[in-house]
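Student: fold the following and give me the result.
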Amino acid sequence: MDEAVIREPPPEEEALDAYSRIVTTVAERLAPSVANLRVRRSRRGREAMGGGSAVVLREDGFLLTCAHVVGSDDARGRAAFTDGAEPAFEVVGRDPLTDLALIRVDAAGLVPAEMGEAGRLRVGQLVVAIGNPHGLGGTVTAGVVSALGRSLPARSGRTQRSIPDVIQTDAALNPGNSGGALADSSGRVVGVNTALAGVGLGLAVPINAATRRIVSELMSTGRVRRAFVGIAGGDRPLPPAVRSRVGRPSGVEVIGVDPDGPAAAAGVRVEDLIVSVDGRPVERMDDLLRLMVGEAVGVPVTLGIVRAGRPVEIALVPAELAA
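Tutor: Predicted coordinates for the structure are as follows:
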């Protein structure tokens with residue numbers, strides 16, 4: 001009898017198996033930590049229903065989701081888990097300027113997700129999205145990080161800002177994925193899915209030091225306190241002479257000044273180029289916004305400005321941004 005011939009699988013099959021193992025492992029690990037939200041909120045005296053996803057942060061009932069998913073501070077609803085539990089939730093706090101919200105359920109046996117660090121991501125890296133698109137619970141999609149460092153416009157009342165360092169992925173997202181987990185190949189949550197920007201183009205709020213601070217504030221006070229200086233600005237390449245002097249390629253050009261804000265009172269002018277705050281470099285508007293945290297309210301700072309090609313220092317005191 002001839003000996004049995006053992007056929008080695010082609011390399012592409014081995015690669016596919018490895019890919020499948022990663023995705024299935026992440027899905028099995030994270031599925032119990034992602035809830036399907038059914039949201040009930042009032043609009044102009046009428047009750048409206050919505051849906052989305054949320055990620056378990058702690059065993060004692062805190063879940064992270066998107067601010068636009070819950071919609072309002074008084075929203076109510078239920079969080080459905082893979083084990084069949086459907087506890088009611090209430091909103092702990094919302095921050096529309098980062099599209100993050102914290103909710104809480106009264107339930108035992110919750111499985112917290114492990115939080116990762118979005119700053120370690122690389123373009124081309126495998127990511128897995130878990131959520132509830134169109135109410136279909138526990139849906140898993142996979143793709144790669146297609147870009148990093150994106151900005152996403154956000155609004156709270158009359159205030160407009162941009163969410164910095166947003167993750168762009170080609171993992172398929174649909175309505176209902178918002179608030180769900182974007183995880184790396186180890187199953188660590190590195191982002192909260194927030195928007196579908198087009199076919200094959202999904203966006204996620206990163207999990208990093210800034211968002212951890214926001215979650216901590218929401219958990220302790222139900223709101224996020226921010227400072228503001230009262231300017232509208234845009235990123236601008238610096239002239240060669242200025243670039244050489246400050247050692248940076250770009251700064252923030254002032255394109256508008258709030259007449260009632262701290263910047264106007266301090267003498268900041270349209271067309272000024274902001275290059276630093278208290279010596280900390282400012283190359284983009286996002287850099288300036290990152291410095292406008294609650295701890296900066298009422299604390300004097302010095303803006304490093306280039307005006308008509310000459311360096312100028314302007315002292316001002318940031319005010320608190322109205323909610």
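
Student: all helices for the stretch 201-323 of the chain, in order.
Tutor: Counting by DSSP state H, counting those that start in this stretch, the stretch 201-323 of the chain forms helices over residues 209-221, 240-246, 262-266, 285-291, given from the N-terminal end onward.

Student: dump the ones you listed to CSV, plus mean neighbour count, distance to residue 107 and mean pLDDT.
Tutor: In short, each C-beta sits where N, CA and C put it, glycine included. Formatted as CSV, those follow (neighbours: other Cβ atoms under 10 Å; distance: least, Cβ to Cβ, whole Å; pLDDT from 0 to 100):
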stretch, mean neighbour count, distance to residue 107, mean pLDDT
helix 209-221, 16, 17, 94
helix 240-246, 14, 53, 86
helix 262-266, 19, 45, 94
helix 285-291, 19, 35, 87
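
Student: mind putting the ones you listed into TSV with distance to residue 319?
Tutor: As requested, the helices of the stretch 201-323 of the chain are exported to TSV (distance: least, Cβ to Cβ, whole Å):
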stretch	distance to residue 319
helix 209-221	18
helix 240-246	27
helix 262-266	5
helix 285-291	14
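
Student: I'd like to know which of those helices is closest to residue 147.
Tutor: Shortest separation from residue 147 across the helices of the stretch 201-323 of the chain is recorded for helix 285-291, at 15.0 Å, computed as Cβ to Cβ.

Student: can you map out the strands along the stretch 201-323 of the chain?
Tutor: All strands of the stretch 201-323 of the chain, identified by DSSP state E, counting those that start in this stretch, fall at 201-206, 227-228, 231-237, 250-257, 273-277, 280-281, 301-307, 310-316, 319-320.

Student: pick the most buried one from the ones you listed.
Tutor: Comparing the strands of the stretch 201-323 of the chain by mean neighbour count (mean count of other Cβ atoms under 10 Å), strand 201-206 comes out on top with a mean of 25.

Student: mind checking which of the strands of the stretch 201-323 of the chain is nearest residue 194?
Tutor: strand 201-206 (5.1 Å).

Student: what average pLDDT does the closest one get?
Tutor: The predicted model assigns strand 201-206 a mean pLDDT of 93.

Student: chain center to it: distance?
Tutor: 8 Å (Cα atoms, centre = their mean, to the nearest Å).

Student: and the angle for it with helix 209-221?
Tutor: With axes from the mean of the first three to the mean of the last three Cα atoms, to 10 degrees as the criterion, the two stretches strand 201-206 and helix 209-221 enclose an angle of 60 degrees.

Student: same for strand 201-206, what does it pack against?
Tutor: Packed against strand 201-206, as judged by 3 or more Cβ pairs under 8 Å, 6 or more residues apart in numbering; DSSP states H and E, are the following elements: strand 139-156, strand 159-169, strand 189-198.

Student: per-residue confidence at residue 21?
Tutor: For residue 21, the model assigns a pLDDT of 90.

Student: tell me the centre residue of the protein?
Tutor: residue 205 (2.1 Å; Cα atoms, centre = their mean).

Student: next one: the nearest residue to residue 274 once chain neighbours are set aside, what pLDDT does it get?
Tutor: Leaving aside its sequence neighbours, residue 274 sits nearest to residue 252 (Cβ to Cβ, 6 or more residues apart in numbering; 4.4 Å). At residue 252 the predicted local distance difference test score is 94.

Student: and if you look at residue 136?
Tutor: Residue 136 is given a pLDDT of 76.

Student: what number of residues lie near it?
Tutor: Taking other Cβ atoms under 10 Å as the criterion, the count of residues near residue 136 is 11.

Student: list the residues that contact the residue nearest to it when sequence neighbours are not counted.
Tutor: Taking Cβ to Cβ, 6+ apart as the measure, residue 136 lies nearest to residue 176, with 7.3 Å between them; neighbours along the chain are not counted. With contacts taken as Cβ atoms under 8 Å, 6 or more residues apart in numbering, residue 176 has the following neighbours: 51, 52, 53, 131, 132, 133, 134, 135, 136.

Student: extract the CA atoms of whichever helix in the chain runs longest and return them as CSV.
Tutor: Ordering each helix of the chain by length in residues (DSSP state H) puts helix 11-30 first. This file holds the C-alpha atoms of helix 11-30, laid out as CSV (Å, rounded to 0.1, in the frame of the first residue of the first chain):
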residue,chain,number,x,y,z
PRO,A,11,0.8,29.9,2.2
GLU,A,12,-2.3,31.9,1.4
GLU,A,13,-4.5,29.4,3.3
GLU,A,14,-2.2,29.6,6.3
ALA,A,15,-2.4,33.3,6.2
LEU,A,16,-6.2,33.2,6.0
ASP,A,17,-6.3,30.8,8.9
ALA,A,18,-4.1,33.1,11.0
TYR,A,19,-6.3,36.0,10.1
SER,A,20,-9.5,34.1,11.0
ARG,A,21,-8.0,33.0,14.3
ILE,A,22,-7.3,36.6,15.3
VAL,A,23,-10.8,37.8,14.4
THR,A,24,-12.6,34.9,16.1
THR,A,25,-10.5,35.2,19.2
VAL,A,26,-11.2,38.9,19.5
ALA,A,27,-14.9,38.4,18.9
GLU,A,28,-15.2,35.7,21.5
ARG,A,29,-13.3,37.8,24.0
LEU,A,30,-15.2,41.1,23.5
